[in-house]
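Student: sequence plus predicted model, see below.
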Amino acid sequence: MLSGALQGKLLEMISLITQPRYILEIGTFVGYSSLCLAKGLKPDGELHTLELHEETAAIARANFKKSKTDDKIILHTGNALEIIPKLDKPWDLIFIDADKTGYSDYYRLLLPGLKSGALILADNVLFHGQVLEKKLKGKSAEAIQAFNEMVLRDKQVDKVMITVRDGLLLIRKK
């Protein structure tokens, strides 16, 4: 469930290139990807990261405290679909790496409020290669396939899939 070193470096590079003021991460786990993404924040920037489970969030909090970017990372615990509408930020960069059945809901919730040029990065879009099989196995594979198809049809965005690890979909609002 942890982003590996290669993907972490890619997230860091994307953040350094775009220099976002506001990053939203859906799915914190232990905070590795948060720390990678935070490296490119503007000096007055913030990274808001959402984690469903308090036990995992506690580990992430401890990891953040050891970093140079702890003061820029705001960790929210709970249901992302309930938290996101309460966060009133002009997101520059969004990283989705949470429950696969929620990707489409997160996308539909966030896309209308994004400004032109904002990026969404969606992880695990190959879902262990299962989305390439003729018969999908399980609700997560079906949900990721539906998400991929929804983004593919969306004319409001430019998109490209990178086959790093389990697939990373880069989505840029036009």
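Tutor: In hand now; what should we look at? Numbering: from 1, shown residues only.

Student: when you work out contacts or count neighbours from here on, use the C-alpha atoms and nothing else.
Tutor: Will do.

Student: got any ranges where the chain has weak pLDDT?
Tutor: 1-2 (pLDDT under 70).

Student: which ones are touching the residue positioned nearest the centre of it?
Tutor: Residue closest to the average C-alpha location in the chain (Cα atoms, centre = their mean): residue 95, at 1.6 Å. With contact set as Cα atoms under 8 Å, 6 or more residues apart in numbering, residue 95 has these partners: 23, 24, 25, 26, 120, 121, 122, 123.

Student: OK, contacts around the last one?
Tutor: The neighbours of residue 123, taking Cα under 8 Å, 6+ apart as the test, are 95, 96, 97, 166, 167, 168, 169.

Student: ok, which pair from the residues you listed is furthest apart?
Tutor: 95 and 166 (14.4 Å; Cα to Cα).

Student: what's next to stretch 129-147, contact-wise?
Tutor: Looking at what lies outside stretch 129-147 - Cα under 8 Å, 6+ apart - the contacts are 100, 101, 102, 103, 104, 125, 126, 127, 166.

Student: please enumerate the strands of the chain.
Tutor: For the chain, the strands defined by DSSP state E occupy 22-26, 46-51, 73-77, 93-96, 119-123, 157-162, 168-173.

Student: any chance of these in TSV, with distance to residue 33 too?
Tutor: Compiled in TSV, those are given as follows (distance: least, Cα to Cα, whole Å):
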stretch	distance to residue 33
strand 22-26	9
strand 46-51	10
strand 73-77	12
strand 93-96	9
strand 119-123	11
strand 157-162	17
strand 168-173	13
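
Student: indicate which one of these is closest to residue 3.
Tutor: strand 119-123 (9.1 Å).

Student: the closest one pairs with which strands, parallel or anti?
Tutor: If you go by DSSP bridges, strand 119-123 pairs up with strand 93-96 (parallel), strand 168-173 (antiparallel).

Student: put the alpha carbons of that strand into PDB.
Tutor: Presented in PDB, the C-alpha positions along strand 119-123 are these (Å, rounded to 0.1, in the frame of the first residue of the first chain):
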ATOM      1  CA  LEU A 119      -3.500  18.400 -11.800                       C
ATOM      2  CA  ILE A 120      -5.100  15.200 -10.500                       C
ATOM      3  CA  LEU A 121      -2.800  12.200 -10.100                       C
ATOM      4  CA  ALA A 122      -4.700   8.900  -9.600                       C
ATOM      5  CA  ASP A 123      -2.700   5.900  -8.400                       C
END
